[in-house]
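Participant: Predicted model follows, preceded by the sequence.
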Amino acid sequence: MTLLERLRGAVAAHGALCAGIDPHPALLDAWGLGRDADGAERLGRAVVEAAAGRVGVVKPQVALFEAFGAAGLGALERVLADARAAGLVVIADAKRGDIGSTNAGYAEAWLTPGSPLEADALTVSPYLGVGALDGLLEAAERAGKGAFVLAATSNPEAAALQLARHADGRTVAQGVAEAVAARNAETRAGHGIVVGATIDRAAFGIASDPATPILAPGFGAQGARFADLGALFPAEALVLASASRSLLAHGAAGVAGAIDAAQRELAA
Ligand SMILES: O=c1ccn([C@@H]2O[C@H](COP(=O)(O)O)[C@@H](O)[C@H]2O)c(=O)[nH]1
């Protein structure tokens, strides 16, 4: 099964919400957990437990586990394993991306069946060249997995780079989105793009392609409203509305309720 098929199934069964697993230090405090690998693991596994059966997709934020070194990565391994065992589609938000030969190492780490950090998809940066990602995308396809390529990110600082124009007038973000769509047209793999829910998509020239899923961070803490999903993205797009801090803000006991409330707003 391809990533595209799995994401379509997950969204059809559980709606568009992608629950972020972001063990920020302030959230660990609020949850009464230590600012350490054990705290990150407890938070992550509690989110997985609340998410299972409520959402189809989760997105652990790798940096916030990596912050605790080897122990943090061990914690992440267990959170990833729990999430995959629960049938959730797991997007590791690690934003990897290098020259092609090095990208092979990232594919080995994150997108290889049986690897300790196995995920279903990985966020990657195309800013060393979209073509530098070819080997990683091929490896993902062989494993029925995929990548979400940063196109137009949710943070305001990115606009100067991502709105820069090619000689033919297309924005850099548009070029990335079109390259990913072209690959999907050939392979049907369903690699995705990252398009922030906080940006003016039209200004970036990003069209929607039903075969190219969109990971849309920016809901909740960054200001985009769940209820605006339909206004922000066309109905035919396969969009994952991603939120982290807003779902995690009310402690372990509040996650399930926050997920249910977000799902209701997205569906309204
Ligand atoms: O353009 C992007 C790409 C990724 N992110 C990540 O999504 C979450 C957002 O967290 P919130 O707490 O809902 O703001 C976080 O892990 C980011 O690294 C993004 O925000 N924008």
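Facilitator: Received, thanks. Numbers count the residues shown, from 1 in each chain.
Participant: S244: neighbour count?
Facilitator: 26 (other C-beta atoms under 10 Å). From N, CA and C alone the C-beta is placed, and that goes for glycine too.
Participant: Not counting residues beside it along the chain, what's closest to it?
Facilitator: Among residues not flanking S244 along the chain, G20 sits closest, at 2.7 Å (C-beta to C-beta, 6 or more residues apart in numbering).
Participant: again, but for P210
Facilitator: Nearest one to P210, counting by C-beta to C-beta, 6+ apart, is E236 at 4.9 Å.
Participant: Could you tell me the per-residue confidence at the residue nearest to S244?
Facilitator: Looking at G20, its pLDDT is 98.
Participant: Same question for H250.
Facilitator: 89.
Participant: same check, this time on the one 4 residues further on
Facilitator: The predicted structure scores G254 at 97 on the pLDDT scale.
Participant: I'd like to know the phi and psi angles of it, please.
Facilitator: phi -100, psi -10 (degrees, to the nearest 10).
Participant: who's in contact with A241?
Facilitator: Counting by C-beta atoms under 8 Å, 6 or more residues apart in numbering, A241 makes contact with 16-18, 197, 216, 219, 226, 229, 262, 266.
Participant: Leaving out chain neighbours, which residue sits closest to the residue in the stretch 51-200 of the chain positioned nearest to the ligand?
Facilitator: Residue nearest to the ligand within the stretch 51-200 of the chain: T153 (3.1 Å; C-beta to the nearest ligand atom). Closest residue to T153 apart from its sequence neighbours, by C-beta to C-beta, 6+ apart: G196 at 5.4 Å.
Participant: The one you found is in contact with F219, isn't it?
Facilitator: No - assessed by C-beta atoms under 8 Å, G196 is found out of contact with F219, at 9.7 Å.
Participant: ok, those two, which is more surrounded?
Facilitator: F219 (31 against 28).
Participant: Can you tell me, leaving aside adjacent residues, what's nearest to that one?
Facilitator: A243 (4.2 Å).
Participant: What about that neighbour? Give its phi and psi, please.
Facilitator: phi -140, psi 150.
Participant: Next, count neighbours for the residue nearest to G15 when sequence neighbours are not counted.
Facilitator: With sequence-adjacent residues excluded and distances taken as C-beta to C-beta, 6+ apart, G15 is closest to Q263, at 5.1 Å. Number of residues near Q263 (other C-beta under 10 Å) recorded here: 19.
Participant: cool, and P113?
Facilitator: 9.
Participant: go on, G230?
Facilitator: 13.
Participant: Are we agreed that it is in a helix?
Facilitator: Yes - counting by DSSP: H, G, I helix; E, B strand; the rest coil, G230 is found in a helix.
Participant: pLDDT wise, what is it at?
Facilitator: 96.
Participant: I'd guessed V62 sits against A94; true?
Facilitator: Yes - using C-beta under 8 Å, V62 makes contact with A94 at a distance of 3.9 Å.
Participant: contacting residues around the residue nearest to T153?
Facilitator: With contacts defined as C-beta under 8 Å, 6+ apart, the neighbours of G196 are 152-155, 216-218, 222, 224.
Participant: With A181 instead?
Facilitator: Per C-beta under 8 Å, 6+ apart, neighbours of A181: 209, 211-212.
Participant: and what of V57?
Facilitator: Here V57 is in contact with 7, 10-11, 14, 17-19, 88-91, 240 (criterion: C-beta under 8 Å, 6+ apart).
Participant: Go through the residues you listed and flag which are in helices.
Facilitator: 7, 10-11, 14 (DSSP state H).
Participant: Break down the stretch 51-200 of the chain into its strands, ranges please.
Facilitator: 57-60, 89-96, 121-124, 146-152, 192-195 (DSSP state E, counting those that start in this stretch).
Participant: need these in a markdown table with mean pLDDT, can you?
Facilitator: Shown next, in a markdown table, are those (pLDDT from 0 to 100):
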| stretch | mean pLDDT |
| --- | --- |
| strand 57-60 | 99 |
| strand 89-96 | 98 |
| strand 121-124 | 98 |
| strand 146-152 | 98 |
| strand 192-195 | 98 |
